[in-house]
Each structure stands twice: as structure tokens, then as C-alpha cells.
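# need the 3D shape of this:
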Amino acid sequence: MKKRTIIINCLLILALIATLAACGSTPKKPSTGEVIDDSVITTKVKALLAADNLLKSIQIGVETYRGTVQLSGFVDSREVVEKAVQITKSVQGVKAVKNNLIVK
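So this is what the prediction gives:
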């Protein structure tokens, strides 16, 4: 009976370790927390861009990966590009901005 209890405890510990390891990040795969943080950043950036009078009618793509935000799309002027980058940098958690906006 004692051996059985030891084996069950070992199996439970191994299952717990495997579960915790699955939530960790790797160089190619972000952790669960990083994915959630990135989605929060993306949502905040999109909301601020939509709330700005200069930018609300323009389609700007926003993607975030590990705190780096990528802006993409076509805009009418350099002023719009600068404003979008400025708004994006103001969001907490943004580490860098990749500006792929193209002025038509």
C-alpha cells in the first residue's frame, strides 16, 4: 500500500511539472502571459487610434508580439504616420514600434 501511495504522489508531481512547463515561454513560442499581454496592448492601441480624430477613419493594422507593436497599412500623409506612432508609444507595455505604414 505504501508503494502505491509513493507511485501516485510521484505521478501527480510529474503531471504538475509538465503542466507548469507547458506554460513557459521558449525563444520561438511566447508564454500564455505574454500572449495575453500582447492582446491587451493591441486592444489598447486600436482603441486609441480609433478615438483620435485624425486617425479614426483610417484602416491601420496593429499586431503585437512580445511587446513590439507593428503598424501596417496605407495612410494619406506623414503627419498621420507620426501621430499613429506617437499614440502607439504612449501605451504601457509597448517596448518597440515597427512602422510599416505607407504614405500613398
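# ok, Y65 touching D38?
Yes - counting by CB atoms under 8 Å, Y65 does reach D38; the two are 6.2 Å apart. From N, CA and C alone the C-beta is placed, and that goes for glycine too.
# who has more neighbours, these two?
D38 (19 against 14; other CB atoms under 10 Å).
# so which strand or helix has the more buried one?
Element membership of D38, judged by DSSP states H and E, is helix 32-51.
# model confidence for the residue nearest the centre of the chain, exactly?
Closest residue to the average C-alpha location of the chain: D38 at 1.6 Å, with CA atoms, centre = their mean. On pLDDT, D38 comes in at 89.
# that one: what's it in contact with?
Neighbour list for D38: 30, 64-67 [criterion: CB atoms under 8 Å, 6 or more residues apart in numbering].
# report the separation between it and R78.
28 Å (CB to CB, to the nearest Å).
# next one: phi and psi at V62?
phi -130, psi 120 (degrees, to the nearest 10).
# give me the neighbour count for it.
A total of 19 residues lie near V62 under the criterion other CB under 10 Å.
# hang on, isn't it packed against L71?
Yes - under the criterion of CB under 8 Å, V62 makes contact with L71 at 6.2 Å.
# overlap in contacts of those two?
Common neighbours of V62 and L71 (CB under 8 Å, 6+ apart) are T88.
# who's V75 bridged to?
V75 forms beta bridges with V103, as assigned by DSSP bridges.
# surely it is in contact with V85?
No - V75 lies out of contact with V85 (CB under 8 Å); the separation is 11.0 Å.
# which one's more surrounded, those two?
Using other CB under 10 Å as the criterion, V75 and V85 rank with V75 on top: 20 against 16.
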